Every structure is written in structure tokens, then in C-alpha cells.
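Peer 1: missing the sequence, but the structure's below:
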């Protein structure tokens, strides 16, 4: 964690004190003196994160804050008398209340908002299409039809309620978190945009219900406009609903359990689009959370994009927000009532702060610039069936170039019968913006110490590791993260960092401490809860190394093919005694760049949303994945002996040959593309290379294994089934499979089940049937054949290194 000095520079980063009441870590870690140092680059170099995309929004990128690029961090919970206008003994005890009372609040007029929404053409057309209101009908009849949505339309921001609730949240979060660190680097840009009258829309990736409260609190404490926050929870208590609607929280209708249920009402989408339009006309800010696996929240961003396209709103500045937790708060319940809230508040009185939070507000960029420039790639999007089925079923060697179309990120019109439904190109563009924001929010999210240690324990040291070896890996992985322009949310001495992260992960670890040895042995617990907890924290590390991960899986796929073909590999050893081999294994196999790139390209289409840059083509990403393995030393260039040196261009046959201008088959600018030199690679020989290769492959193994298990489990499901029930049964099947094997529990999370089902739908393995009761899923006709399902399993399993 970083503490800010008054001159804007960072002090030495200090971790919160480690709690002494944890029995699992009662041992004393003794680390060698040479390991008691911070990674050399940490403190000297801190990457600047959250900048705009140089390809899609270059004009927004040029609007840099100038000399305020390294402002440091501020602990939101550290409120003292220096942040008030007063001084003294009494002020120090009520400084939090004085600070809240002095924060600026922007007005939120709602005098005629309901009338403006009802008079919009979009709402009138929706009422007429449903025959709910005849043309020329009175406004009272319209209000009767819109009565379930009236409280949502009348959501406002009351200054008194906002100040009181902000004070309550500061006190409440001080009992939950040790600190809430806010990156100050892009706050001047937000202040400047607010003064210029720009309309700000904050977008974050949903992790917990706490996200909805963190962003308004951060903006309130820094005198920025508090946004209207879209909350996906189903609040059953009318008392809690009335309070939240007075501080700008846009809730679901009382009758809807989820956003999907709300979209079933044909009036919901037109009314929400009109509400967003009126909020933006009032100059209000909006905060929206997007779910990468289910697509929830995407409709709200589609409403904003549609308003920009039709010219109802001049422009909107989108602000990705990265939120990272040491421990993600457990708020999985989608339904909230008064009893559960009171019970949770009572539990806060008896607990100590646990973990910290890091909030990164990225640089705002213009949505209109993305819409008009056309730099965001959407023209090459194809269904996943067109991209992969020819390779899977027909064993085609060449790939179909393009990007996977993820239409499920934006629910289709069977949920929302808005009169002016988007055309396919407009839907693809809205989905591209959603993907861009998911990737941007994940890119500016800091890697916490628990994420780093979880990744090492789950993917590199699943069978256990000593404390000293873990510390060495922490230093190495921290440097690799910083070199990849990823910020980290921790600091201090190495011993403090490791002890702090292990204390937070203690319920999911087994620590073996022998009195005769002062170097404890740490093993992840072989349980479902432990694996899912570690996998959740390690996901951000996978996002950082995604290029190397894709390249490593492509190498693994080619090695599996070599082993399956019966080609022997050569072993270089220091000594051979019978069947025992001592030394480094050398795979005497030459890998062709074109084949590696094709394997990487095919794997790109199976990645979950948010891992690939949406403005980069899949071919370019696959090439970068192979090149990244060369940069990190896993692959080395293989020299091909030739009779003529490669650099001798003049003696190469057919190179730079001139032809007549009227020859239709040749061009004087072509240098015989067919004669291009192919690159070949070999696996490097350092002893750490195989371990590094397996470490990278393990990061994506959970997702790929879940897809394999889901394919094999289709025989056990009696289809067709409703979509929600199908996902629930698939999740149960994944858990049962992991329990039978007693390993790979990270492949059976709810997110893995959602992502696997979506991939099977896009591949055509599952077919969607729209019936009166909703969407039903069944096995498609092409994959009724068990042979085709086995081909799909073989295709996916080639990327699993084990």
C-alpha cells in the first residue's frame, strides 16, 4: 500500500500490521538475508496505468494531465483534521463528520423528469405497440401503465441523505478493510472534464456488491459529481429501497429478481433508455457494472451508445474503473432484505479489518470519437462455428481469419421489444465497446499480494513450496508484472508482503512448520472452496500474462502432436544411469512459426471475454503470443543452414525481379511472397524453461478443462432444459467430476460453467430454442453424433499440457 506525502510523492509503502490471532501462522518465518529486499524496480519504477487506447481514441489520449502524472495514492479511510478547516482536540474526534459535511455535492433536479420521460417518442411508441395506451390518450393512463417504473424514474440525490450515508460507509468500511487506496493520477483529468461539462459514465467489472458503493464514495470524497449507480441486486425491503433511491441508486423493479426478468417487460428497455437520456441532459454522471460471463449490464451501455448514434446526446466520456481486493467481500446473494442488512451490520461490530482495496480511475475517453472514427474493429467478427468447426470436424489445416462474435454480451430483442431495435452492425459495435471497457477496466486493475501468491501456489507449486522458495518466486513474479506495465497493490519488505498475503489466505492453506526447521512448507488445501478462492484471486495474473499463456498452450499442443506421432525426443543429460536421466530435458523438435501461430489463433477464439484487446486483430494477437515466448526465453530461433545467405538479396532466385506493367499476374512491388522465409523455433535449454512453460499453461487449464468436462457431460443431461436450469446442472456436473478426480477444483466455478455453456452455444454444440417459458437449450443436430463430440474434446484437450 502506498501512503501519500504532502508534496505528492510516495513514502515507503507500508503494509497494515499482521493480526496475531491467526493460529495457522503462529510460526516465525526466517528468511535469508539476501531475500529481505524489495524487488529492485518497485519504488523506483511504477507503471502508469489507465491511459486511453492509442488506436481507438488517440484524441482523448492526447489530453494528458501534464505534470500531474505521478500524484501517488490516498487512503480513503485515513481521515484526519488536516482535511477539515478546523483544528483541535475535539476536531480530531469528529473529523470524519466534518470532512463529510465539507464535501461538495452537485444539484440533482428531478422536478419534471417523469413528464419528460413519459412524453418521449420512444416511450409513446412502446405503449402504442403494446396497445396499452391509445393515441391521444391522457397522461394519467400512461402513468397507470408505468406505475411499477415510476420510483426508478424518480430516483434522485438528496444532499442530506448522501452526506449521512457517506459518513456511515466510511465508518462501515473501516471495519471491513484495512485501507482503501485511490490512485490520484487521473483525478485531475476527471476534475477538468467535470468543469468543462463533459458527461461521465463510469464502468467497472462486477465482483461484489461493494463495488456499487465504492465508486460513489471515492468520487464524493474527492469533490466530484456522485453518479447515478445502477444496482443489479433485488432489494425486497421497501425501506431500504426508499433510502437508496434518494442517493442515486437505480434499482430493479420490485417484481424482477434479475435484469433478465426486468427486460421481459416490453416497457422496461424504452423507459430506461429515456431515463438515461434525461439523466445525461441534466448533466448527471452514471456508474454501470458489467459482468463478463453473463453479459449483465451491457444493455445500459447499449442505451448510451444508441443515444450517441441517434444524436440525442452530443458526447459521453467513458471512464473504466479497476477495483482490486485483497479479499473479495462475500456478497453473492442477489436478494437483500432488511433482516440480512441488520445482521451484516451487527457482525461488523465484532470483526477486525481484513485486507485492503485498490481503486484505479482510468483516463476518460470520448465515446463519440469511437463511434465516428471507425477505428474500433467490428468488420471481421464471425460466429465461432465459422471460425473453429472447419478445423475441429474437417481437420482443415488453414484457419479462418476473424474475431469471435460474442452476441450474448448484449441480450437480444427477445428480452427487450424496443421499437427501434439495433441492426446487426450496431449490435456488434455496442458489443465491441463493452469488450473494450471490460479489457480496459481489467488492464488498470492492480495485482494484490494475495493474487500474486495465489497464482504461484495454484499454478506453480500445487504440491507445496517452502517459504524461502515462495519468496524468491514473489520477487521474480513482481518484477515480471511491473515490466508488463501492470501496477501492484502492495509494497514494503519481502517478509511483510509474504506474511501479510499468507495470513489472508490462511483458511485455504496448510502450513507445515517443523520445530527443527525454520523454513515452513506451504500447501494449498485440496478442497473446492480453497481452489476456487485461489483461482478467483489469480485471474488478474492470468490476464497480465495472457500473451505468454496463449503461446505456451500453442507450444504444448504441438508437443502433444509430436508425442502422439511417435517422434522420439532427444535428452541432453549430465549423466545416465540405466533408465534414470539426470539433467535438462531437450526436445529435439523444430516448431514452425506458421503452425504455432495457427494453434495460437485457434485458441484465441476460446478465450473468455476481456482477455484479448478488442481493437487488435486475432492474427496480430497470435503473432504477438509467439513472439512473447521468444522474449521471455522459452523459445529460441533455430538457424536454418542455406546455400545462399538470407541477407544476400541480389542472388536469391526471383527476388526483386522486374516485370512489364501490363502483366496481370505479377507486380513490380512483389518479391515472391511464396518464397518468404519461414521462422523455426526450438525450446530453450535452461533448467527453468519446462517449469515456466507448465506454469503458463496451467493458468488457462481451468477454463479449457471446464469446457472439456462440459462437452463430456452432455450425455448425462436430459435436454432441452431452460437456460438457467441447464447452467445449474452443468455446474453440478463440473463439481461432481472434480470431486471424483479429487483435483482441478478450479474448473468447477459458476463462472466456468457460464463461460463453458456460452462457448458450446457459440460452437453450435447447443442450440437455443425460444419458447413461451424462455430460452431452452438442447444438443444441436451436428453434435448428436458422439464422434463429433469426441473430436471437439480432442481439439480442446490438446492445449492441456498434462
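Peer 2: Everything's here; your move. Here the structure is a predicted model, which means the values were calculated and not measured.

Peer 1: what bits of the stretch 51-200 of the chain have low per-residue confidence?
Peer 2: Counting by pLDDT under 70, the stretch 51-200 of the chain contains low-confidence ranges at 64-71, 130-142.

Peer 1: can you give me the helices for it?
Peer 2: Counting by DSSP state H, counting those that start in this stretch, one finds helices in the stretch 51-200 of the chain at the ranges 58-61, 89-93, 95-102, 113-118, 121-129, 139-145, 150-153, 159-176, 187-195.

Peer 1: Make a markdown table out of the ones you listed and add distance to residue 374 and mean neighbour count.
Peer 2: Where you see a C-beta, it was placed from the backbone N, CA and C, and this is true even at glycine. Formatted as a markdown table, these follow (distance: least, C-beta to C-beta, whole Å; neighbours: other C-beta atoms under 10 Å):
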| stretch | distance to residue 374 | mean neighbour count |
| --- | --- | --- |
| helix 58-61 | 13 | 16 |
| helix 89-93 | 56 | 11 |
| helix 95-102 | 45 | 17 |
| helix 113-118 | 32 | 19 |
| helix 121-129 | 26 | 18 |
| helix 139-145 | 39 | 13 |
| helix 150-153 | 35 | 18 |
| helix 159-176 | 40 | 17 |
| helix 187-195 | 24 | 17 |
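
Peer 1: Residue 732: which of those is closest?
Peer 2: Nearest of those to residue 732, taken as C-beta to C-beta: helix 159-176 at 32.0 Å.

Peer 1: angle of the closest one against helix 95-102?
Peer 2: Using axes from the mean of the first three to the mean of the last three C-alpha atoms, to 10 degrees, the interaxial angle of helix 159-176 with respect to helix 95-102 works out to 150 degrees.

Peer 1: Which residues does helix 159-176 contact?
Peer 2: With contact meaning C-beta atoms under 8 Å, 6 or more residues apart in numbering, helix 159-176 is reached by 76-77, 79, 96-97, 100-101, 103, 105, 180, 210, 213, 217, 220-221, 226, 243, 246-248, 329, 345, 348-349, 351-354.

Peer 1: dump the residue contacts of residue 746.
Peer 2: By C-beta under 8 Å, 6+ apart, the residues touching residue 746 are 458, 531, 532, 534, 535, 702, 752.

Peer 1: most neighbours, which of these?
Peer 2: Top of the contacts of residue 746 by neighbour number is residue 534, holding 27 neighbours under the definition other C-beta atoms under 10 Å.

Peer 1: Give the rounded mean pLDDT of whatever helix or strand that residue lives in.
Peer 2: Under the criterion of DSSP states H and E, residue 534 resides in helix 528-544. Mean pLDDT, computed over helix 528-544, is 94.

Peer 1: Determine the set of other helices and strands touching that helix.
Peer 2: Judged by 3 or more C-beta pairs under 8 Å, 6 or more residues apart in numbering; DSSP states H and E, helix 528-544 is in contact with helix 424-443, helix 449-455, helix 467-483, strand 521-524, helix 689-712, helix 723-741.

Peer 1: Just name the most buried of the ones you listed.
Peer 2: helix 449-455 (a mean of 27; mean count of other C-beta atoms under 10 Å).

Peer 1: Any idea how far it is from the middle of the chain?
Peer 2: Here the centre of helix 449-455 is set off from its chain's centre by 16 Å, with C-alpha atoms, centre = their mean, to the nearest Å.

Peer 1: With distance to residue 801 added, can I get the helices of the stretch 51-200 of the chain in a markdown table?
Peer 2: Converted to a markdown table, these look like this (distance: least, C-beta to C-beta, whole Å):
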| stretch | distance to residue 801 |
| --- | --- |
| helix 58-61 | 39 |
| helix 89-93 | 58 |
| helix 95-102 | 52 |
| helix 113-118 | 56 |
| helix 121-129 | 53 |
| helix 139-145 | 59 |
| helix 150-153 | 50 |
| helix 159-176 | 39 |
| helix 187-195 | 43 |
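
Peer 1: quick one: which of those is nearest residue 598?
Peer 2: Each of the helices of the stretch 51-200 of the chain was scored for nearness to residue 598 using C-beta to C-beta, and the closest is helix 58-61 (31.9 Å).

Peer 1: Going by contacts, tell me the helices and strands next to the closest one.
Peer 2: Packed against helix 58-61, as judged by 3+ C-beta pairs under 8 Å, 6+ apart, are the following elements: strand 365-366.

Peer 1: ok now the strand it packs on, how far from the chain's centre?
Peer 2: On C-alpha atoms, centre = their mean, the centre of strand 365-366 falls 20 Å from the chain's centre.

Peer 1: Show me what secondary structure element comes after it.
Peer 2: helix 367-373.

Peer 1: and the helix holding residue 534, which residues are buried?
Peer 2: Buried residues in helix 528-544, defined by neighbour count with 16 or more other C-beta atoms under 10 Å: 530-544.

Peer 1: residues making contact with it?
Peer 2: For helix 528-544, the external contacting residues (C-beta under 8 Å, 6+ apart) are 324, 328, 442-443, 445, 447-448, 450-452, 454-455, 457-459, 477, 481, 484, 486, 505, 507-509, 524, 549, 610-611, 699-700, 702, 735, 738-739, 744-746, 748-749.

Peer 1: please redo it, this time with the cut-off set to 7 Å
Peer 2: 324, 328, 442, 445, 447, 450-452, 454-455, 457-459, 481, 484, 486, 508, 524, 549, 611, 699-700, 702, 735, 738, 745-746, 749 (C-beta atoms under 7 Å, 6 or more residues apart in numbering).

Peer 1: for stretch 189-203, same thing?
Peer 2: 63, 65, 215, 224-225, 227, 280, 283, 285-288, 290, 301, 304, 313, 316-321, 361, 363-364, 437, 441.

Peer 1: where exactly do the strands run in the stretch 201-350 of the chain?
Peer 2: Under the criterion DSSP state E, counting those that start in this stretch, the stretch 201-350 of the chain contains strands at 228-230, 234-235, 249-250, 286-290, 317-325, 335-336.

Peer 1: Can you give me the domain assignment for this structure?
Peer 2: Domain segmentation of the chain under automatic domain parsing yields 1-49+461-539, 107-373, 702-797.

Peer 1: Output those domains in TSV, with distance to residue 404 appended to each entry.
Peer 2: Compiled in TSV, the domains of the chain are given as follows (distance: least, C-beta to C-beta, whole Å):
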stretch	distance to residue 404
domain 1-49+461-539	20
domain 107-373	14
domain 702-797	7
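
Peer 1: Mind telling me which of those the model trusts least?
Peer 2: Across these, domain 1-49+461-539 gives the lowest mean pLDDT, at a mean of 72.

Peer 1: Run through the residues that contact the most centrally placed residue in the chain.
Peer 2: In the chain, the residue lying closest to the centroid (C-alpha atoms, centre = their mean) is residue 442, at 4.5 Å. Taking C-beta under 7 Å, 6+ apart, we find residue 442 in contact with 205, 322, 543, 610.

Peer 1: And for the closest residue in space to residue 473 that isn't next to it in sequence, the neighbour number?
Peer 2: Residue nearest to residue 473 in three dimensions, not counting chain neighbours: residue 456, with 5.1 Å by C-beta to C-beta, 6 or more residues apart in numbering. Residue 456 has 24 neighbouring residues, counting by other C-beta under 10 Å.

Peer 1: what sits against residue 456?
Peer 2: Contact analysis of residue 456 by C-beta under 7 Å, 6+ apart lists 470, 473, 477.

Peer 1: How much space separates residue 357 from residue 539?
Peer 2: Counting by C-beta to C-beta, to the nearest Å, the separation of residue 357 from residue 539 is 17 Å.

Peer 1: Sorry, wrong one. I was asking about residue 739.
Peer 2: Residue 739 sits at a distance of 22 Å from residue 539 (criterion: C-beta to C-beta).

Peer 1: Many thanks, I have nothing further to ask.
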